[in-house]
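Coordinates for the following, if possible.
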Amino acid sequence: MAKTITMPTSPNFSMSSFNLIRMVGTTVSPFTGQTKTQEYDAVYWVAELTLPPMKRAEATEWQSFFLELNGQTNNFLLGDPSALTNTGTYSTSYLEADKRVNNTSVTLSFSGSTITAGASTFATARAGDFIHVTGATNEENNGTHKITSVTSNTVVVTDSTLTTESNTASCKVRQNVKGSTGLSLLASTNSATGTIKKGDYLGVLSAASDTSNPQQLVMVVEDATVTTDSGKDFYSVKTEPKLRSDLTDGFYVKFTSPKGLFRLTNNEIDWRVNTGSFYTMGFSCIEVI
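Residues are numbered from 1 along each chain as shown. Purely as a prediction, here's the structure:
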């Protein structure tokens, strides 16, 4: 069973490359030149990291770390080295997943930017929330939509341009689910408050524990919408990449020093030593899926 090995905290990397990989199939018609794309589930971060020259005392910490990884067997926590501190002002270390919309079988109609449900679906939805629709006949109506206003328990207006479609049964309207590009979150305490800003990273954790391993590392791509009710702040956060798996209600999303779970991209690690007894080393890694 894989173990999570603690990575040394110093020195910081002298050079880093942090990239997002998506698997997207592309087909170009030889007759019209039109392009069709199909995005697949595989999406993950990769990094190329270089450490500054070190004397042996520091180098042995990194050598021990690399050896304990056992090549690609074990894993470690890593954040973007160039963005270790978020720019938002959210005041505690984590938020909690909070599904405010979760109807797994409902009849939906779509017109303009409006979604109408055949049953009470949006009773606790808030303006700014992101909902994820599946089961619509027209593919344009599926996916993640941002609610701009809640008209009633059954009607919301979104920021999407929808294809007219009436009374499609057995649709799902949910939040914090696989494929979604938005998170529905709740402040961890009544006193927790502050902003989550575009460019901030969030660590989607695997349990209701601040020290649990992350399921996924995501980036905020627009400033979060915050609403307050009964003294507690509710957050609606647009993120990329899409969620790889459902996020359980109450599980934590890390704001302070968020990290992803990574492993080496190959089983080989080496280091070099110059005539001044300075060690140099670097490595590449990939997010664990």
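
Give the helix, strand or coil label for Ala125.
coil (DSSP: H, G, I helix; E, B strand; the rest coil).

Begin at 766 from now on, thanks
Sure, I'll start numbering at 766, so the last one becomes Ala890.

Relative to Asn868, how far out is it?
Distance of Ala890 to Asn868, computed by C-beta to C-beta, to the nearest Å: 11 Å. Yep, even glycine has a C-beta here, placed from its N, CA and C like the rest.

With Tyr855 instead?
Applying C-beta to C-beta, the value for Tyr855 to Asn868 is 29 Å.

Comparing the two, which shows the higher neighbour count?
Tyr855 (25 against 17; other C-beta atoms under 10 Å).

Not counting residues beside it along the chain, what's closest to that one?
Leaving aside its chain neighbours, Tyr855 sits nearest to Gly959 (4.0 Å; criterion: C-beta to C-beta, 6 or more residues apart in numbering).

and what of Gly790?
Spatial nearest neighbour of Gly790, excluding adjacent residues (C-beta to C-beta, 6+ apart): Gln803 at 4.3 Å.

So what are the sheet partners of the helix or strand containing the one you found and their directions?
Gln803 belongs to strand 800-815 when elements are defined using DSSP states H and E. Sheet pairing of strand 800-815 (DSSP bridges) gives strand 780-793 (antiparallel), strand 1047-1052 (antiparallel).

can you pull the buried residues of the first one?
When you say that, I think you mean strand 780-793. In terms of neighbour count (16 or more other C-beta atoms under 10 Å), strand 780-793 has its buried residues at Phe783.

Show me what the mean pLDDT comes to for it.
Strand 780-793 shows an average pLDDT of 93 in the prediction.

Determine how far that strand lies from the middle of the whole chain.
The chain centroid and the centroid of strand 780-793 are separated by 16 Å under C-alpha atoms, centre = their mean, to the nearest Å.
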